[in-house]
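Enquirer: Structure here, sequence nowhere to be found:
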């Protein structure tokens, strides 16, 4: 992810929205889009990290803007998408990445508040973003949407992650339904399902990166976690014309863990 603008310019002149753009996969993907010519709007709850991402985008020679949003608020999501269209003319690509892990634990001990918080952000927030993105893309001649699912949604199960896993399996299903509804309007919708990625979310409480790396060797055939840039590359491919015939696909990126 180092260096300036890429020699590839698949998104030259495109307006791209990345939710959850203040860190991790969202930040890496915002930078990747900018390096390929896009103007990137990063959105999320925390203004400080969003501003840091925009600074990195500009340092790389790209163009970007930070807009705060709580994706569980339909009014805020509608305002976000409306502001983008007002300022830039349209929205070409959206990466709906914002999400939360919640509090892992046994299903029979889970709290309703935790379940509702996870579903409100990961599923309902995703739906709200898609609802308003799709409405604008239909008006302006199409676009591409990539949603963030997870390999522990539809593809495998691990204990104590019931709310998160259920929310991400629902994202995969929502993606397929939306893809069928929207492809005739020139809107392609797909999702990515990463496994463990080198972000804070991959660490157990108090765990160091070295301890995590030793732990994952036992269940990830590739022997390591993913770099955020590897997930970003997959998102850009799905959003680009290189994937023009890919519709409703759930791309697993987990080093073989789900096998």
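Expert: Everything's here; your move. Keep in mind it's a predicted model, so treat the numbers as computed, not measured.
Enquirer: so after the strand ranked longest in the chain, what's the next helix or strand?
Expert: Counting residues, the longest strand found in the chain (DSSP state E) is strand 187-194. Next helix or strand after strand 187-194 toward the C-terminus (DSSP states H and E): helix 209-216.
Enquirer: In terms of secondary structure, what does the longest helix seen in the chain contact?
Expert: Ranked by residue count and defined by DSSP state H, the top helix of the chain is helix 162-182. Here helix 162-182 touches helix 112-119, helix 126-139, strand 143-148, helix 151-154, strand 187-194, strand 250-253, going by 3 or more Cβ pairs under 8 Å, 6 or more residues apart in numbering; DSSP states H and E. Just so you know, the C-beta spots here come from the backbone N, C-alpha and C atoms, and that holds for glycine as well.
Enquirer: export these to CSV and tack on mean neighbour count and mean pLDDT?
Expert: Putting the helices and strands packed on helix 162-182 into CSV (neighbours: other Cβ atoms under 10 Å; pLDDT from 0 to 100) gives the following:
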stretch, mean neighbour count, mean pLDDT
helix 112-119, 15, 97
helix 126-139, 20, 98
strand 143-148, 26, 98
helix 151-154, 22, 96
strand 187-194, 26, 98
strand 250-253, 19, 98
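Enquirer: which stretch among the ones you listed comes nearest residue 53?
Expert: Residue 53 sits nearest to strand 143-148 of all these, at 16.2 Å, using Cβ to Cβ.
Enquirer: I'd like the distance between residue 25 and residue 43.
Expert: Per Cβ to Cβ, to the nearest Å, residue 25 is found 14 Å from residue 43.
Enquirer: do residue 130 as well
Expert: Per Cβ to Cβ, residue 130 is found 14 Å from residue 43.
Enquirer: ditto for residue 212
Expert: Distance of residue 212 to residue 43, given as Cβ to Cβ: 29 Å.
Enquirer: Comparing the two, which residue is more hemmed in?
Expert: residue 43 (31 against 16; other Cβ atoms under 10 Å).
Enquirer: My reading is that the more buried one lies in a helix. Confirm?
Expert: No - per DSSP: H, G, I helix; E, B strand; the rest coil, residue 43 lies outside any helix segment and is strand.
Enquirer: hang on, it packs against residue 30?
Expert: No - between residue 43 and residue 30 there is no contact under Cβ atoms under 8 Å: 10.0 Å.
Enquirer: Identify the contacts common to those two.
Expert: 18, 21 (Cβ atoms under 8 Å, 6 or more residues apart in numbering).
Enquirer: Residue 209: neighbouring residues, count only.
Expert: Using other Cβ under 10 Å, residue 209 has 11 other residues around it.
Enquirer: mind starting the numbering at 263 from now?
Expert: OK, 263 is where the count begins now, so the last one is residue 471.
Enquirer: check contacts around it.
Expert: Contacts of residue 471 (Cβ under 8 Å, 6+ apart): 460, 465.
Enquirer: Residue 372 touches residue 426, doesn't it?
Expert: No - using Cβ under 8 Å, residue 372 is not in contact with residue 426; the gap is 10.7 Å.
Enquirer: average pLDDT for stretch 487-507?
Expert: The average pLDDT within stretch 487-507 is 97.
Enquirer: outside of that stretch, which residues touch it?
Expert: 263, 272-273, 278, 286-287, 289-291, 293-295, 298, 355, 357, 406, 408, 450, 452, 454, 456-461, 464, 474-475, 478, 508, 511, 513, 515-517.
Enquirer: ok, of those residues, which come out buried?
Expert: Buried members of these, counted by 16 or more other Cβ atoms under 10 Å: 272-273, 278, 286-287, 289-291, 293-295, 298, 355, 357, 406, 408, 450, 452, 454, 456-461, 464, 474-475, 478, 511, 513, 515-517.
Enquirer: still on that earlier bit, of residue 372 and residue 426, which one has the most company?
Expert: Taking neighbours as other Cβ under 10 Å, residue 372 and residue 426 compare with residue 426 leading, 25 against 17.
Enquirer: how near is the more buried one to residue 384?
Expert: 7 Å.
Enquirer: Strands of the stretch 263-412 of the chain, residue ranges please.
Expert: With strands called from DSSP state E, counting those that start in this stretch, the stretch 263-412 of the chain shows them at 277-281, 301-306, 325-330, 355-358, 405-410.
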